[in-house]
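> Any chance you can model this:
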Amino acid sequence: MTRRSSHTISTKQRSGYFHLKKQSKNKRDKERNGDVQNFNENLAVSQLAEVFAISLGKSKECAKQIGLAASLHDVGKKLIDPAIINKPDKLTPEEFEIMKTHTNLGAWLMYDIPGDFGKMVSMVCKYHHEWHNGEGYWKIPTSQLPDYIPIISIVDVFVACLSSRSYKDAWPPERVLEYLEARSDTQFSSHIVDSFIHLIRNNKEARAIFSEANTKGDDVM
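Model (predicted):
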C-alpha cells in the first residue's frame, strides 16, 4: 500500500487556499480602487480650487500655488487607521477625535517643505476644516486665516459630496449646491458660497472639472 505524502494538499486545503487568494485579490482591488478614487478627488479639488481662486481675482501664479496646496489637503489621512476612514457607520466620538488629527498629521508631514509654499500647504492641511463662524475642528473663524483656506474648504466639501463614500452615496450636483447654500454665513461666508455657486453654474472650465468628479452623471441648471 502506497503511503500518501505528508505534503499532499487535500481538496479542502486547496479550496481554502483559493478562497484566501480570492479574498486577498479582492482586498487589493478594493484598496487600488480606493487609491484611484482618492487621486481623482484630490485632482478635482486641486483643479477647481485653482479656477475658483482665479475667479476671485488671484493671479495665475498664486492660483496655481493654491491648487497645488489643495491637492495635499488630506495627506494626513494616510496616517489614520483605514478602519476609521472606511467605516460605513457614523463615527463614535472617540473615532471622530482620531479622524480630526489628520489635520495635524498632514501639517506635520508637510512641515519640512521650504519657503512660502511649505507654509501654505501646512496651513491648508491643518485648517481646511475651519468654519466661517468658528465652529470647525479647531474653533478658528476663517476670517482669522489666510483667504485661500475657505477657497479650498468649499471646493473640498463640494467634491466630497459629489463622491461616494463607505457611509453615503454620491449626491447629485443640485443637492450639493443646496447644501452649500444652507451653510452660507455659518460654515462658509455668503461671499464664498455665492461666488462658488456662480462659478459652477457659469464657468465652462469649472463645469468640465466637476463633471469628471461627478459620479452621479447629473448636470447643474
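
> Okay, and Met99 sits in which element?
Element membership for Met99, per DSSP states H and E: helix 93-109.

> Not counting sequence-adjacent ones, nearest residue to Leu43?
Distances taken as CB to CB, 6 or more residues apart in numbering place Ser71 nearest to Leu43, at 6.9 Å, with adjacent residues excluded. Every C-beta, even on glycine, is put in place using the N, C-alpha and C of the backbone.

> The helix holding Met99: what's the following helix or strand?
helix 115-127.

> tell me the mean pLDDT over that next one?
Helix 115-127 carries an average pLDDT of 96.

> ditto for stretch 78-93
Stretch 78-93 shows a mean pLDDT of 93.

> do stretch 177-184 as well
Average pLDDT, stretch 177-184: 97.

> ok, and what's touching it?
154, 157-158, 161, 171, 188, 190, 193-194, 196-197, 200, 220 (CB atoms under 8 Å, 6 or more residues apart in numbering).

> so Asn42 makes contact with Lys78?
No - counting by CB atoms under 8 Å, Asn42 does not reach Lys78; the two are 11.7 Å apart.

> where in this protein is pLDDT low?
Within the chain, the ranges that satisfy pLDDT under 70 run 1-37, 212-221.

> give me that answer again for 90
The chain contains residues with pLDDT under 90 at 1-42, 111, 163-169, 207-221.

> and Tyr167, how many neighbours?
Residue crowding around Tyr167 was assessed by other CB atoms under 10 Å; the count is 11.

> Can you list phi and psi of it for me?
The phi/psi pair for Tyr167 (degrees, to the nearest 10) reads phi -110, psi 0.

> Please give me every residue in contact with it.
87-90.

> just the strands in this structure please.
For the chain, no strands are identified by DSSP state E.

> buried ones in the helix holding Met99?
95, 99-100, 102-103, 105-109 (16 or more other CB atoms under 10 Å).

> Distance from the chain centre to it, please.
14 Å (CA atoms, centre = their mean, to the nearest Å).

> Give the other helices and strands that it contacts.
Packing partners of helix 93-109 (3 or more CB pairs under 8 Å, 6 or more residues apart in numbering; DSSP states H and E): helix 82-85, helix 115-127.

> Adding distance to Ile54 and mean neighbour count, write the ones you listed out as TSV.
Listed next are the helices and strands packed on helix 93-109 as TSV, based on distance: least, CB to CB, whole Å; neighbours: other CB atoms under 10 Å:
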stretch	distance to Ile54	mean neighbour count
helix 82-85	32	13
helix 115-127	16	19
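
> okay, now the residue nearest to Met120 when sequence neighbours are not counted: neighbour count?
Setting aside the residues directly before and after it, Met120 is nearest to Ala69 in space (CB to CB, 6+ apart), at 4.9 Å. When neighbours are counted by other CB under 10 Å, Ala69 registers 27.

> Quick one: residues contacting Ala69.
Contacts of Ala69 by CB under 8 Å, 6+ apart are 117, 120-121, 124, 148, 152.

> circling back: next, check the contacts of Tyr167 against the helices and list the overlap.
Among the contacts of Tyr167, none falls in helices (DSSP state H).

> In these, which residue is surrounded by the most others?
Highest neighbour count within those, by other CB under 10 Å: Lys87, with 16 neighbours.

> contacting residues for the residue nearest to it when sequence neighbours are not counted?
Take Lys87 and drop its neighbours on the chain: the residue closest to it by CB to CB, 6+ apart is Ser166, 6.4 Å away. Applying CB under 8 Å, 6+ apart to Ser166 gives the contacts 86-88.
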